[in-house]
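Student: Give me a 3D structure for the following:
(2 chains)
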Number of protein chains: 2
Amino acid sequence: MTGKYIVVHGGAGYHNEASESSVKRALRRACKRAYSSTTAIELVESAVSILEDDPCLNAGFGSNLTLQGTVECDASIMDGARKAFGSVGATAGIKNPIRLARSVLEYSQNPDPLGRIPPLTLVSPGANLFAEHHLDRRYIVDPTSLASQQAVENWNYWTTNLNKATQGLEVVDCEKLHDVQDTVGAIAWCGPSDIAAGVSSGGLLLKHSGRIGEAAVYGAGCWAQRDKEVIDERTLVRGIACSVSGIADPIALSSLYTFVSGAGENIIQSSLAKLIGRTAGEALSSDQDIHNALEKALTVDLHEACKDSREQNPKVGIILLTVEDGGDTSSVRLWCAFTTASMAIAYMSPSNPNPKSLVLRRPHGKDAYSKHPLVFITALRL
Amino acid sequence: MTGKYIVVHGGAGYHNEASESSVKRALRRACKRAYSSTTAIELVESAVSILEDDPCLNAGFGSNLTLQGTVECDASIMDGARKAFGSVGATAGIKNPIRLARSVLEYSQNPDPLGRIPPLTLVSPGANLFAEHHLDRRYIVDPTSLASQQAVENWNYWTTNLNKATQGLEVVDCEKLHDVQDTVGAIAWCGPSDIAAGVSSGGLLLKHSGRIGEAAVYGAGCWAQRDKEVIDERTLVRGIACSVSGIADPIALSSLYTFVSGAGENIIQSSLAKLIGRTAGEALSSDQDIHNALEKALTVDLHEACKDSREQNPKVGIILLTVEDGGDTSSVRLWCAFTTASMAIAYMSPSNPNPKSLVLRRPHGKDAYSKHPLVFITALRL
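Tutor: Numbers count the residues shown, from 1 in each chain, chains lettered A, B, ... in the order given. Okay, the predicted model is just below:
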């Protein structure tokens, strides 16, 4: 099997009609521009960088602002072939956090003269110091240049509301605070054994400065693995790549003064990307139904991990690429699963040479939410 | 069952004769001074703070210095009864990082006027900003005041060696770089349902500024959980608390230019504290042998999680408190398990009102290392 496969997402959440076309366009553009790259990790880095540069998505330029009105980003990237991971957290003034995460990953592959242990994760000023030595200077920018006009307007609006709410005044449409908190991500496969995944996020609007979210945490926001098995003297390569998105649950915001544990924090608590990767890998290798495995992971296992938190119905979405490559027989499938109202994705592959973009939506209607499990799962053969 | 139980550790690693007595004294002092606290989380916070203040341990004052010669600390704390967690990473100028981790945990218990999601982890300047509003001012100090004389001497010595090694010159006793990289931690139980765990670390000597280690990561450095079960109309409470320590493996340093993935990074990759907690909880509730469960977790499961890293024999140590409280029948046991040469612990309990301190050591002799599994496990009834 030859050829390149790239899938990107603009986050699970709620996509209204007004933003749908710009999000879809951004996702298609990311696929198209990244497609000239030759390795899976380059495809992921390139695609996520393009999404980070787009002001309509919550990553890089256009990120949600912190309580202090600053931009602080998280990103991570994983290379399934080399079993290598790198991430950055709460970075300010890094134009493309995913590129810095890649630099941390690549740095960890170098031998050290004293056998010092390379980092998995670098944060804040330390990450910037590392960037000065290991990242192209054009990606180190004035931190204020990453705040988009829309992000500043959102910050002004919600800071005013926060002040009102703190004084005990009523705030209408409080749940809309959580409409703009998607992450972006990408997964890619480039021929034998070469698989990668990445994720990037500006985090929660009005978050505390220094907050580390799921996009920076090992095993939480992205996962990539490759397994080999010899059957009847033939080598079968299996690849799994997964990128996770989460938002807070507006439905849980039933009162003004409310407790919310947050989808991002739930994703960390369940090591969700790693869980999905391991689950899908086991299902693939034992010829079990991946649909069932995903459903179990996103309902039973995720709920088990979060049962003690106050978020009873975590709002998350994942894209998952499963590859079975036996030389003459091969199969590449894209899985999307989400517990939110909608999820925006795009993909390109040898049989889809023009990028395709979709906003997947849960069924509407009064009974649509009444059935358990509340997870929507679909699969595409790429 | 009434009474208080506190166990502390000074890290798994190699304890030479010269440092043994000062480490044991520091651990006993931590137990004794913390014992006046009334809740498990206060016992843990107090004991870890005292260990952080001691220059002979790698946490708080006396922490290993970064490549830049600064002190940056990680710490986390977990409350089993409230299922609450808080951590801080790469903090500078915080005298007791465990106290700031506790502040993050307590903050997450407050309702938010806009339903904003509270953080699990805060890092670097953002953590300091949070400290200014939520931590007693006396714990916010000049960052340079946390560098002990010994830490500065170590830094000078190893910086010189790093420069030599970078120039291709031979460095003798290179493995000693990894002798001073322990974490400290504590676990406590204070009567029905009240169980907690914590961990704190100055991280690796000559680490990159901004590196986040296992002590800051959810599920990696500490774990506390409480389960209830009703059997024959009687309520049985089970409690689990675990604190994890890791060092790099000097045995793996077979050549000057070598790859090491690092125990801390392995602890993150395996979510080790969570794994141990869940494993012990399952063993307790099904009347299985905890010794076997621990052995499996520290050999099979940990190795599985790390099989792709270059560290083939992760060097870690854990302390684990298991509690079964059925009212009239009760059992509190302390488990220590480590794959290193030695581990230093101390404890106090109603039946041990004077703090007891031990340096547990693996058996010596040429066959001691030849058998698998390479894990030393012991249990004490407190």
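Student: Stretch A:156-174 close to chain B?
Tutor: Yes. Counting by CB under 8 Å from any CB of the partner chain, chain B is contacted by stretch A:156-174 at A:158, A:161-162, A:165-166, A:171, A:174. (Glycine included, C-beta is placed from N, CA and C.)
Student: Pull out the buried positions in that stretch.
Tutor: Neighbour-count burial for stretch A:156-174, counted by 16 or more other CB atoms under 10 Å in any protein chain shown, picks out A:158-159, A:161-162, A:165, A:171, A:174.
Student: Helix, strand, or coil at the residue of the stretch 1-150 of chain A found nearest chain B?
Tutor: Distances between the stretch 1-150 of chain A and chain B by CB to the nearest CB are smallest at A:G126, namely 1.6 Å. At A:G126 the chain is in helix, as set by DSSP: H, G, I helix; E, B strand; the rest coil.
Student: longest strand in chain A, by residue count?
Tutor: For chain A, the longest strand by residue count, based on DSSP state E, is strand A:234-247.
Student: my guess is A:S49 is in a strand, correct?
Tutor: No. Read with three-state DSSP, A:S49 is helix and lies in no strand.
Student: quick one, what contacts A:V332?
Tutor: Contact analysis of A:V332 by CB atoms under 8 Å, 6 or more residues apart in numbering or on different chains lists A:1, A:5, A:189, A:321-323, A:349, A:381-382.
Student: strands paired with the longest strand of chain A, and their directions?
Tutor: Paired neighbours of strand A:234-247 in the sheet (DSSP bridges): strand A:222-231 (antiparallel), strand A:315-325 (antiparallel).
Student: now the ones you listed in CSV, with mean pLDDT?
Tutor: Listed next are the strands paired with strand A:234-247 as CSV, based on pLDDT from 0 to 100:
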stretch, mean pLDDT
strand A:222-231, 89
strand A:315-325, 90
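Student: quick one, which of those is packed in tightest?
Tutor: Of the strands paired with strand A:234-247, the one with the most neighbours on average (mean count of other CB atoms under 10 Å in any protein chain shown) is strand A:315-325, at a mean of 26.
Student: Can you pull the phi/psi pair for the closest residue to the residue of the stretch 1-150 of chain A closest to chain B other than its chain neighbours?
Tutor: Spatial nearest neighbour of A:G126, chain neighbours left out: B:G210 (1.6 Å); criterion: CB to CB, 6 or more residues apart in numbering or on different chains. Phi and psi for B:G210, reported as degrees, to the nearest 10, are phi 90, psi 0.
Student: What is the neighbour count of B:G210?
Tutor: B:G210 has 28 neighbours, counted by other CB atoms under 10 Å in any protein chain shown.
Student: In chain A, where is pLDDT below threshold?
Tutor: A:1-2, A:175, A:178-181, A:247-263, A:305-313, A:364-373 (pLDDT under 70).
Student: What segments of it are helices?
Tutor: A:17-34, A:40-53, A:97-107, A:124-134, A:149-166, A:263-269, A:272-285, A:290-296, A:302-306 (DSSP state H).
Student: that older thread, could you dump the strands paired with strand A:234-247 into a markdown table with distance to B:T144 added?
Tutor: Below are the strands paired with strand A:234-247 laid out as a markdown table (distance: least, CB to CB, whole Å):
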| stretch | distance to B:T144 |
| --- | --- |
| strand A:222-231 | 38 |
| strand A:315-325 | 43 |
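Student: Find the one among the helices of chain A with the highest mean neighbour count.
Tutor: helix A:263-269 (a mean of 30).
Student: For it, which helices and strands make contact with it?
Tutor: Judged by 3 or more CB pairs under 8 Å, 6 or more residues apart in numbering or on different chains; DSSP states H and E, the packing partners of helix A:263-269 are strand A:234-247, helix A:302-306, strand A:315-325.
Student: Who are the contact partners of A:Y347?
Tutor: Contacts of A:Y347 were listed using CB under 8 Å, 6+ apart, and they are A:5-8, A:31, A:334, A:355-356, A:380, A:382.
Student: ok, it to A:A47 distance?
Tutor: Distance, A:Y347 to A:A47, by CB to CB, to the nearest Å: 10 Å.
Student: do A:R211 as well
Tutor: For A:R211, the distance to A:A47 equals 25 Å [CB to CB].
Student: neighbours around the residue nearest to A:A344 when sequence neighbours are not counted, how many?
Tutor: Sequence neighbours aside, A:G10 is the residue nearest to A:A344 in space, at 4.1 Å (criterion: CB to CB, 6+ apart). Applying other CB under 10 Å, we find 31 residues neighbouring A:G10.
Student: For the residue of the stretch 151-300 of chain A found nearest chain B, give me its contacts.
Tutor: Nearest residue of the stretch 151-300 of chain A to chain B, counting by CB to the nearest CB: A:G210, 1.7 Å away. When the contact criterion is CB under 8 Å, 6+ apart, the partners of A:G210 are A:72, A:90, A:124, B:119, B:122-130.
Student: how does it look with 7 Å?
Tutor: Taking CB atoms under 7 Å, 6 or more residues apart in numbering or on different chains as the criterion, A:G210 is in contact with A:90, B:122-127, B:129-130.
Student: residues contacting A:H15?
Tutor: Here A:H15 is in contact with A:23, A:342, A:344, A:359 (criterion: CB under 7 Å, 6+ apart).
Student: hmm, I was thinking of A:V123
Tutor: Neighbour list for A:V123: A:88-90, A:212, B:89-90, B:123-124, B:210, B:212 [criterion: CB under 7 Å, 6+ apart].
Student: mind checking how far stretch A:155-169 is from the chain centre?
Tutor: Between the centre of stretch A:155-169 and the centre of its host chain there is 29 Å, according to CA atoms, centre = their mean, to the nearest Å.
Student: now stretch A:223-240
Tutor: So, by CA atoms, centre = their mean, the centroid of stretch A:223-240 is 25 Å from its chain's centroid.
Student: quick one: contacts of it?
Tutor: Applying CB under 7 Å, 6+ apart, the contact partners of stretch A:223-240 are A:78-81, A:189, A:192-193, A:195-197, A:241-242, A:273-274, A:276-277, A:280-281, A:284-285, A:322-327.
Student: Okay, now it: how far is its last residue from its first?
Tutor: Counting by CA to CA, to the nearest Å, you get 8 Å between the two ends of stretch A:223-240.
Student: same question, stretch A:62-78
Tutor: 24 Å.
Student: Could you give me the buried positions within that stretch?
Tutor: Using 16+ other CB under 10 Å as the test for burial, stretch A:62-78 gives A:62-67, A:70-78.
Student: How about stretch A:344-361?
Tutor: So, applying 16+ other CB under 10 Å, buried residues of stretch A:344-361: A:344-349, A:355-360.
Student: Just the residues you listed: which are in strands?
Tutor: A:344-349, A:355-360.
Student: show me the contacts for A:G62.
Tutor: By CB under 7 Å, 6+ apart, the neighbours of A:G62 are A:54-56, A:148, A:150-151.
Student: Against A:G80, how distant is it?
Tutor: Counting by CB to CB - A:G62 and A:G80 are separated by 29 Å.
Student: Could you report the neighbour count for the residue lying closest to A:T322 once chain neighbours are set aside?
Tutor: Counting by CB to CB, 6+ apart, A:R333 is the residue found nearest to A:T322 once chain neighbours are left out, at 5.1 Å. For A:R333, the number of neighbouring residues by other CB under 10 Å comes to 16.
Student: tell me the contacts of A:R333?
Tutor: Listed by CB under 7 Å, 6+ apart, the contact partners of A:R333 are A:322, A:379-382.
Student: Now, of these, which are buried?
Tutor: A:322, A:380, A:382.
Student: what pairs with the second one across the strands?
Tutor: When bridges are called by DSSP bridges, A:L380 pairs up with A:L334.
Student: show me the contacts for A:G69.
Tutor: Taking CB under 7 Å, 6+ apart, we find A:G69 in contact with A:W155.
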